[in-house]
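Enquirer: Fold the stuff below for me.
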Amino acid sequence: MPGLLRGVARTAVVAGTATAVSNRVSRRQAGRWAEQDYAQAEQAQAAAPPPAPAGGTDDTINQLKELAALKQQGVLTEAEFSAQKARLLGS
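Expert: Down below sits the predicted model:
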């Protein structure tokens, strides 16, 4: 019986150690993958071209006309109108 207990105890220790090592390796690997994903996301974000300014598209012109109408109606102040116009024109 003592040999059987010793064998069971040894098996439990080996299995517990293997589980602990496996969990640690999995956590380290997941951390490395997360770092790689983060680095790739940063590179993709840096490589993405900046949004093109809206040149003189019909949509921009219509939005500027709407802003001017709102300003004439007194809904927008001069400062609000200027800020929105600058946002639309990208300057």
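Enquirer: can you pull the buried residues of stretch 16-35?
Expert: Across stretch 16-35, burial judged by 16 or more other CB atoms under 10 Å covers no residue at all. (Glycine included, C-beta is placed from N, CA and C.)
Enquirer: Check which element follows the lengthiest helix in the chain along the chain.
Expert: In the chain, assigned by DSSP state H, the helix with the most residues is helix 2-47. Next helix or strand after helix 2-47 toward the C-terminus (DSSP states H and E): helix 58-73.
Enquirer: List of residues touching the helix or strand just after that following helix?
Expert: Following helix 58-73 in sequence order, the next helix or strand is helix 78-89 (DSSP H and E). The contact list for helix 78-89 (CB atoms under 8 Å, 6 or more residues apart in numbering) reads 53, 54, 60, 63, 64, 67, 68, 70, 71, 76.
Enquirer: would a markdown table of these with pLDDT and distance to residue 84 be doable?
Expert: Formatted as a markdown table, the contacts of helix 78-89 follow (pLDDT from 0 to 100; distance: CB to CB, whole Å):
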| residue | pLDDT | distance to residue 84 |
| --- | --- | --- |
| 53 | 54 | 15 |
| 54 | 49 | 13 |
| 60 | 85 | 12 |
| 63 | 89 | 8 |
| 64 | 89 | 9 |
| 67 | 88 | 5 |
| 68 | 91 | 10 |
| 70 | 89 | 9 |
| 71 | 89 | 9 |
| 76 | 84 | 7 |
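Enquirer: coming back round to it: which helices and strands does the longest helix of the chain pack with?
Expert: Judged by 3 or more CB pairs under 8 Å, 6 or more residues apart in numbering; DSSP states H and E, helix 2-47 is in contact with no other helix or strand.
Enquirer: one step back: quick one: buried ones out of the contacts of helix 78-89?
Expert: 63, 64, 67, 71, 76.
Enquirer: Before I go, just wanted to say thanks for your time.
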